[in-house]
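Q: Pasting a predicted model and its sequence here:
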Amino acid sequence: MRVSTSQIYSIATLGMTQAQAAVTKTQEQMATGKKVLSPADDPVAATAILRLNQELARTTQYGKNINIAETNLNLEESTIQTIVELGQRMSELAVKAGNTAIYTSSDYKALAAEVDTRITELVNLQNTRNASGQYIFSGYQGDTKPFVGDVGGNYSYLGDEGQLRLQASTSVTVPVSDSGKKLFVDVPSGHNTFNTSASAANKSQPPAVISVGEVIDQKEFDRLYPNDLQITFSKNGSAVNFTVTEKASGKILLPTQAYVAGADIEVAGARFKIMGHPFPGQPAVPANLPFGVVPATALGAGDQFGIRIGGKTEYFTMSGPIAANDSVALAAELNIGAAVPPALPTGNAAKLAALGITVTAAGIQSASGLNIEMVNGASGPGVTAIMGTDGTRSVNLPLTFTPTDFSSSPATFQLEVNGKVESFTFNQNITGVSPNTLTEIFNNPTNYPKLARLGLTVTDQGIISNNNARVTIKGGNSNLDTVTGLNTRGTGTSSTVGALIEPGDTFFVESTDKQGLLTTLSRFSEAMKNVKDNPESKAELAKIVAKTITNLKNVETNLTSVQGELGSRLNTLDSSKELNVDITLSTQTALKDLEGLDYADATIKLSMQSLVLSASQQSFAKVSQLTLFTYL
């Protein structure tokens, strides 16, 4: 067989390369201590190793979770213990305050000062943060301060009822927080009581507040329970009044009362105060559709037209003829069926009552402030012919037109509705003849979108607010005064007809069978501040002291129960920690068996591979020198 020189070199190079690769792999195994360096070394073992490494990573993370959980639970436990001790001190003080025969009003004010100090301390404790800056009693809302108070002694919980949980092992998840609502707010009360609050829609600035209040006649309040109270403010001229009703039924419990800031309000066994300047609202301003030359066209028997208000329409059919310009006869026709209370109206008068409007020879009036519109009926000349120049719709801001030329001196003004403002510019000669009537200028392509954004309609009679809001025209000049018949300069003119009632501020007294810790102490403090040196006042204080002691016991019971839960959770974490240690040891053992290197075996293997490499290198050196030239 003939062997070429190139074959000798190729075979030798391949052998040396393989021997070198084997030596290198064994050296790498010895350096890393692992016998499986890649899935190609042992696919089955590599899969098992990957799974075991993932198990170790999970177990390590469980250990970190346990450390975090223990820190949070220990912080919660120590905070709750401090609050329990504070509550016990308040219970001692309440027992002391029960000695009404000994203490004077001055003494009670001193005791109230200590309670107020403890309330401040308690709020700080209930707003405790962890090392990450998260509020521990806010549920899921860790960035939200859970408890905030106002000058009325009310405290609101702004967190949620969420409970954070961390996984401590493959099968164990442990709660690591409790909401402040569960701990400090939803505490069973020893008696039916209430919480007070202001409506979020209130408009007074600065906001008026309602005091925490107290039950002064338990039997009377128990008759109200579980119904709630609503206090609504209103305005009568310059006087600010309020009315107290049952929230659900609207039943009036305390009719219109003059408001005195900070004065006691007593109703249904409850007593509370409202402080500040509540927004009293605005009364409705009636809408009018005046009768001038009405009907402009005579009506015959059977002719019909409709009146629409607030989306509701009633149709009226004439029982006989009505001459042109006889508004007295028209008003009489529309009032057929009128009755003296308590009798109920019938016929046309019943329809007027259903619409909430009245009709006289002067026109149609809507006491609610809703705008009035005349609509065509099934027969007759039509409402445009009937109403003539009076128009078919009531207007909120009437206009009196006088021709004015703005072509050489344009003028700008503003219309404002509910705080929204749009600017308009007149630069035409407004002659009153189409296409240059005032109505057409307002409704041209430039101005109409602005009217639409404000919810306004402009007719020959004036400006209509489609949602019955007050309309103001302002920022104009003397020429604009002339063309509109209104004062448009400076702050201008606002509509004085056709405005809906604007409700005043509202406050709530909501019945409950729970009473928060802060509420209990706030009521206790207020009662001691307000006590008088007479038997009646001290007897009332004694009742509140008794309720305070009972509710503080309920708070302690509630918190002690949670402390037991915390201890149970910490025990669970200890058990999970031990389990994770066992899992880690067993996993590491299995991992070592799969990928751990036997150094004695590897050393022998490396020696043999090194020998093979050396032999192949020496053999190649000898063979590469075999040529015929050596023997010549």
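A: All right, it came through fine. Numbering: from 1, shown residues only.

Q: Go through the longest strand seen in the chain and flag the buried ones.
A: In the chain, assigned by DSSP state E, the strand with the most residues is strand 188-198. Neighbour-count burial for strand 188-198 flags Ser189, Gly190, His191, Asn192, Thr193, Phe194, Asn195, Thr196, Ser197, Ala198 (criterion: 16 or more other CB atoms under 10 Å). For the C-beta atoms, the positions are set from N, CA and C on the backbone; glycine is no exception.

Q: Which of the residues you listed scores worst on pLDDT?
A: When the buried residues of strand 188-198 are sorted by pLDDT, the bottom entry is Gly190 at 90.

Q: can you give me how far stretch 68-84 is from the chain middle?
A: Computed by CA atoms, centre = their mean, to the nearest Å, the chain-centroid distance of stretch 68-84 equals 30 Å.

Q: swap in stretch 376-389?
A: Centre to centre, stretch against its chain (CA atoms, centre = their mean), the figure for stretch 376-389 is 50 Å.

Q: for stretch 526-534, same thing?
A: Computed by CA atoms, centre = their mean, the chain-centroid distance of stretch 526-534 equals 38 Å.

Q: Residues touching that stretch, excluding its own?
A: The set of residues external to stretch 526-534 that reach it, using CB atoms under 8 Å, 6 or more residues apart in numbering, is 97, 104-105, 108-109, 111-112, 115, 153, 211-212, 214, 537-538, 540-541, 544-545.

Q: buried stuff in it?
A: Neighbour counts over stretch 526-534 (16+ other CB under 10 Å) mark Glu526, Ala527, Met528, Asn530, Val531 as buried.

Q: Then stretch 99-106?
A: Thr100, Tyr103, Ser105.

Q: and if you look at stretch 75-93?
A: Leu75, Glu76, Glu77, Thr79, Ile80, Ile83, Val84, Leu86, Gly87, Met90, Ser91, Leu93.

Q: Equivalent analysis for stretch 144-152, please.
A: Pro146, Phe147, Asp150, Gly152.

Q: Spit out the contact partners of the last one.
A: This points to Gly152. By CB under 8 Å, 6+ apart, the residues touching Gly152 are Thr196, Val209, Ile210, Ser211, Val212, Lys273, Met275.

Q: Repeat the analysis, applying 10 Å as the threshold.
A: 196-198, 208-213, 272-276, 507, 522, 526 (CB atoms under 10 Å, 6 or more residues apart in numbering).

Q: and if you look at the third one?
A: Counting by CB under 10 Å, 6+ apart, Asp150 makes contact with Ser156, Ser197, Ala198, Pro207, Val209, Ile210, Ser211, Val212, Met275.

Q: For Ala590, see how far away the closest residue to Ser434 other than its chain neighbours is.
A: Leaving out its chain neighbours, the residue that sits closest to Ser434 by CB to CB, 6 or more residues apart in numbering is Glu440, at 6.3 Å. Distance of Glu440 to Ala590, computed by CB to CB, to the nearest Å: 91 Å.

Q: go on, Ser132?
A: Applying CB to CB, the value for Ser132 to Ala590 is 36 Å.

Q: which residue ranges form the helices in the stretch 401-550 of the chain?
A: Listed in chain order, the helices of the stretch 401-550 of the chain (DSSP state H, counting those that start in this stretch) span 438-442, 448-454, 478-484, 517-530, 535-595.

Q: on that earlier part again, so for Ser132 and Ala590, which residue has more residues nearby?
A: Using other CB atoms under 10 Å as the criterion, Ser132 and Ala590 rank with Ala590 on top: 15 against 10.

Q: Ok, which of the helices of the stretch 401-550 of the chain comes nearest Ser366?
A: Ser366 lies closest to helix 448-454 among the helices of the stretch 401-550 of the chain, at 21.3 Å (CB to CB).

Q: Would you mind giving the domain segments of the protein?
A: Listed by automatic domain parsing, the domain ranges of the chain are 1-29+606-632, 34-149+163-185+534-596, 188-283+501-514, 287-390, 397-494.

Q: what about the closest residue to Ile68 other than its chain neighbours, neighbour count?
A: Distance criterion CB to CB, 6+ apart; nearest residue to Ile68, sequence neighbours excluded, is Leu166 at 6.4 Å. Counted with other CB under 10 Å, the neighbours of Leu166 add up to 20.

Q: And for Ala298?
A: Using other CB under 10 Å, Ala298 is surrounded by 15 other residues.

Q: Next: Gly516.
A: 25.

Q: quick one, what contacts it?
A: So Gly516 contacts 126, 147, 155-157, 180-181, 183-187, 189, 195, 522, 551, 555 (CB under 10 Å, 6+ apart).

Q: for the stretch 451-600 of the chain, what are the low-confidence residue spans?
A: Within the stretch 451-600 of the chain, the ranges that satisfy pLDDT under 70 run 591-600.

Q: please redo it, this time with the cut-off set to 90
A: Within the stretch 451-600 of the chain, the segments meeting pLDDT under 90 span 467-470, 495-503, 576-600.

Q: try the stretch 51-200 of the chain
A: For the stretch 51-200 of the chain (pLDDT under 90), the answer is 51-60, 62-63, 100-101, 131-132, 151-153, 167, 169-172.

Q: For the protein, which residue occupies the most central location?
A: For the chain, Ala200 is the residue whose C-alpha lies nearest the centre (CA atoms, centre = their mean; 9.4 Å).

Q: show me what contacts it?
A: Residues near Ala200 by CB under 10 Å, 6+ apart: Thr506.

Q: Tell me how far it lies from Asp505.
A: Using CB to CB, Ala200 is found at 11 Å from Asp505.

Q: Pull out the buried positions in stretch 552-560.
A: Leu552, Asn554, Val555, Glu556, Asn558, Leu559.

Q: just stretch 298-316 next, same as before
A: In stretch 298-316, counting by 16+ other CB under 10 Å, buried: Leu299, Asp303, Phe305, Gly306, Ile307, Arg308, Ile309, Glu314, Phe316.

Q: Is it correct that Thr82 is in contact with Leu125?
A: Yes. Using CB atoms under 10 Å, Thr82 makes contact with Leu125 at a distance of 6.0 Å.
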